[in-house]
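Enquirer: Fold the following for me, if possible:
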Amino acid sequence: MFRHLAIALLVSIAAQIAPLEAASEPEQTVERVRGLKFDRPVIRKSIARSDLRVFLQKQLDADLPYSPEEYIDILRALHLLDEVEDPMGRLFSLYEAQALAFYDPRTHTYYSMDAPPGEDGSSVPEDAVEIHELAHALQDQRFGIGAKLEAVRLNWDAAMAYQALLEGEATLVMMASLYEGFGLDFDSIVRDDSFLTLLTAASTHTVGIPEGTPLYFVESMSFPYIDGLRFVIHAYRTGGWKAVDRLHENPPRSTLEIMNPAIYGSADGRSQIEQGTAGSGEAGPLLVTTLGVFHWKFLLGEQAASGWKSDRVEVRKGPDGGLTVLGEAGWKTSADAAEFVAALREKWKAEGVIGKVSVNGAVVRFGYGPDGNAVERFLGPAPATVPAPRARRPSSGGKRPRNPPPEEQIGPAPPLASLLLE
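Expert: Sure, this is the predicted structure:
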């Protein structure tokens, strides 16, 4: 569980009302709130905070299908990460500053820390942290989350959507135990729109984020908690915890579903790419994945991500180590596709990327990187003329991007570049 999110603020506010009720064991509290029983005792271990970085490095080495250096190169090739110094070190510093505890579904183990992060400690009570982690243990025992996380770990969009379900539910269990411990009617509180208003306001607050942390790391860490909580609350309002049970029977497969709970389970919210792949890059792609609305919104803005239906993105490694990106994105309408293309070109121009785009109705193909032959083969014959995009907000320079021919090259060459952690 991370402390910097809206959850920390909400728990801090609640903690000022009354202390946590300690009448029952945490396991019993989770069972009572959630309406489910543990099948077996939860394995618990404590690690020294000073050992956290080494522990996480080992977990990352075991979890990634490629080296940490290649992971950073992939993030840079996708332009999710700028050319910051020592990005892995900054990621681990973020974890060290924020992590309160975590649950590992592969070993079915709840890890607690021997000390809070930083000199000021944590704003989240230890009992609340324990309940959050035990909620993950209950998810693991009742719904087999380890196997499900493994099944989607290479599909970045589906993995983030599933993690949002897990974190949103665990956070709601934690908050239910807190408010009920204060003698408050949690069911009424969670159905009150002012509750979501408070959550929205609190989501802009951060605590203890190390200076210089890449925004992508912060946003990726925040999304499962903030948007995941909203998603689970929407289900809870329709049918209580039984409705949350049904989320596990049919987990969300896209971040679009998380952001728009009303379309959960519909064709509009489901990615067409069921599972990603990873390899050495020598005889095929280094990575094939779905980025989804979360990533496109991060990269290009909310308007450009609107109308998303599916995408498939390959990152290929050349003999010289350079990474080439090939992608196909499907949109609801040709106007949505044109909006995406305009935003993509604007970003490429701003970041100095040579890229090519091919548009066929509501389907966009794009490619960039040192392997020009792969890009040409992927794009295929010249497409029809791109329809004009919808009106876009002006850039910082006050000028709207022009709409060049579908295969125009823009700018100089670009720079080249699942532990349930709490």
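Enquirer: Give me the mean pLDDT for the helix or strand hosting residue 295.
Expert: Per DSSP states H and E: residue 295 is located in helix 292-300. The predicted model assigns helix 292-300 a mean pLDDT of 97.
Enquirer: Tell me which other helices or strands it touches.
Expert: helix 156-181, helix 215-249, helix 255-259, helix 302-305, strand 308-317, helix 334-351 (3 or more CB pairs under 8 Å, 6 or more residues apart in numbering; DSSP states H and E). Any C-beta I mention is one placed from the backbone N, CA and C, and that applies to glycine too.
Enquirer: Between helix 156-181 and it, find me the angle.
Expert: Helix 292-300 runs at 100 degrees relative to helix 156-181, counting by axes from the mean of the first three to the mean of the last three CA atoms, to 10 degrees.
Enquirer: going forward, begin numbering at 396 instead of 1
Expert: That works, and once the first residue is 396, the last one we named lands at helix 687-695.
Enquirer: by how many degrees do helix 687-695 and strand 703-712 diverge?
Expert: Going by the same axes, to 10 degrees, helix 687-695 makes 70 degrees with strand 703-712.
Enquirer: where does the protein dip in pLDDT?
Expert: 396-419, 513-519, 597-602, 664, 666-678, 776-817 (pLDDT under 70).
Enquirer: at 80 what do you get?
Expert: 396-419, 511-520, 576-578, 591-603, 662-679, 776-817 (pLDDT under 80).
Enquirer: Any idea how many residues pack against residue 756?
Expert: 13 (other CB atoms under 10 Å).
Enquirer: backbone phi and psi for it, please?
Expert: Backbone geometry at residue 756, expressed as degrees, to the nearest 10, gives phi 70, psi -120.
Enquirer: you'd agree it is up against residue 732?
Expert: Yes. The pair residue 756 / residue 732 is scored as a contact, 7.2 Å apart, by CB atoms under 8 Å.
Enquirer: Sheet partners, orientation included, of the helix or strand residue 681 falls within?
Expert: Counting by DSSP H and E, the element that carries residue 681 is strand 680-684. In the sheet, strand 680-684 lines up against strand 672-673 (antiparallel), strand 703-712 (antiparallel) (DSSP bridges).
Enquirer: okay, these, which one's buried deepest?
Expert: Among the strands paired with strand 680-684, strand 703-712 has the highest mean neighbour count (mean count of other CB atoms under 10 Å), at a mean of 22.
Enquirer: partners of the helix or strand just after that one in the sheet?
Expert: Note on strand 703-712: by DSSP H and E, the next helix or strand toward the C-terminus is strand 718-726. When pairing is defined by DSSP bridges, strand 718-726 lines up against strand 703-712 (antiparallel), strand 758-763 (antiparallel).
Enquirer: ok, residues contacting strand 718-726?
Expert: Defining contact as CB atoms under 8 Å, 6 or more residues apart in numbering, one finds that strand 718-726 is touched by 468-469, 472-473, 667, 681, 686, 691, 702-713, 732, 735, 757-766, 769-770, 773, 811-812.
Enquirer: same thing but 6 Å
Expert: Outside strand 718-726, the residues that touch it by CB atoms under 6 Å, 6 or more residues apart in numbering are 468, 472, 702, 704-712, 732, 757-764, 766, 769, 773, 811.
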